[in-house]
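Enquirer: below are the sequence and a predicted model; questions follow.
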Amino acid sequence: MNTVQVKDKQFALYISEEKLLNRVKEVAEQLNADLAGKNPLFLVVLNGSFVFAADLLRDITIPCEITFVRVASYEGTSSTGEIKQLLGLTQDIKGRTVVIVEDIIDTGFTMKELLHMLEEKNPAEIHITSLLVKPGNLKVDLNIPYRCFDIENDFIVGYGLDYDHEGRNLRHIYQVVE
Ligand code: 5GP
Ligand code: MG
């Protein structure tokens, strides 16, 4: 299927499942090599990363732990506007090697806030793995060595990522057709 309809928009095939799986395996192998002996704790950021995480983590062969978190935003009562909140982290991460598993980094603001919230809990180190990065939109300084694909700024859907709650179950990644 080279194009799909999700709600009111048309999307064209952008990255096939085969390409995704091959690259995800390469990144998993890099993590296996770099983090061996550190018993990393993978923090999967829901919802979008659930498919990426399932594939990546089955290619992780070193001892590790996996947990799931959510970054929620709510309107603050002060004038500061949107505030981000970390939900679901029950483990103590003090002294741990933490790997954040993200679906996509766009402006990078979400990741920056997540890093600040995690740093307060004194982990030994924090790494980021992201399926996708939009370098053209990145507004903050982030070190993302374990990124699978750099993509254009256009909106994408599939392989966990949604358009208005739909499309997460598509096997491939699709780009919006303007
Ligand atoms: P950031 O804070 O980096 O700008 O935003 C990251 C979040 O924006 C992602 O977790 C995701 O929810 C959303 N996002 C950014 N670009 C896209 C895209 O092309 N497709 C989808 N489905 N979500 C996106
Ligand atoms: Mg995300």
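Expert: Great, that's in hand. Ligands and ions are numbered 1, 2, ... in the order given.

Enquirer: excluding its backbone neighbours, what's nearest the residue most central in space within the chain?
Expert: Most central in the chain under CA atoms, centre = their mean is Glu102, positioned 1.0 Å from the mean C-alpha point. For Glu102, ignoring the flanking residues on the chain, the nearest one in space by CB to CB, 6 or more residues apart in numbering is Ser130 at 4.4 Å. (Each C-beta comes from the backbone N, C-alpha and C, glycine too.)

Enquirer: list the strands paired with the helix or strand hosting that neighbour, with their directions.
Expert: Assigned by DSSP states H and E, Ser130 belongs to strand 125-133. Paired with strand 125-133 in the same sheet, following DSSP bridges, are strand 97-105 (parallel), strand 146-150 (parallel).

Enquirer: for the protein, longest helix please?
Expert: Longest among the helix segments of the chain by residue count, using DSSP state H, is helix 17-34.

Enquirer: averaged pLDDT, it. What do you get?
Expert: Mean per-residue pLDDT for helix 17-34: 98.

Enquirer: residues in contact with it?
Expert: Under the contact criterion CB atoms under 8 Å, 6 or more residues apart in numbering, helix 17-34 has outside partners 40, 52, 55-57, 59-62, 99, 127, 129, 131, 145-149, 159, 171-173.

Enquirer: I'd say Phe68 and Gly88 touch.
Expert: Yes. Under the criterion of CB atoms under 8 Å, Phe68 makes contact with Gly88 at 6.0 Å.

Enquirer: what do the two both touch?
Expert: Leu46.

Enquirer: and the lowest-mean-pLDDT helix or strand in the chain, is it in reach of ligand 1?
Expert: Lowest on mean pLDDT, DSSP states H and E among the helices and strands of the chain sits strand 82-87, with a mean of 85. No. Under the criterion of CB under 6 Å from any ligand atom, strand 82-87 makes no contact with ligand 1; the nearest approach is 9.0 Å.

Enquirer: which parts of that strand are buried?
Expert: By neighbour count, with 16 or more other CB atoms under 10 Å as the criterion, the buried positions of strand 82-87 are Leu86.

Enquirer: distance from that strand to the middle of the chain?
Expert: On the basis of CA atoms, centre = their mean, to the nearest Å, strand 82-87 sits 16 Å off its chain's mean C-alpha point.

Enquirer: what about this structure, any weak spots by pLDDT?
Expert: 74-81 (pLDDT under 70).

Enquirer: quote the end-to-end distance of stretch 4-20.
Expert: End-to-end distance for stretch 4-20: 18 Å, by CA to CA, to the nearest Å.

Enquirer: tell me the buried residues in that stretch?
Expert: Neighbour counts over stretch 4-20 (16+ other CB under 10 Å) mark Val4, Val6, Lys9, Phe11, Tyr14, Ile15, Leu20 as buried.
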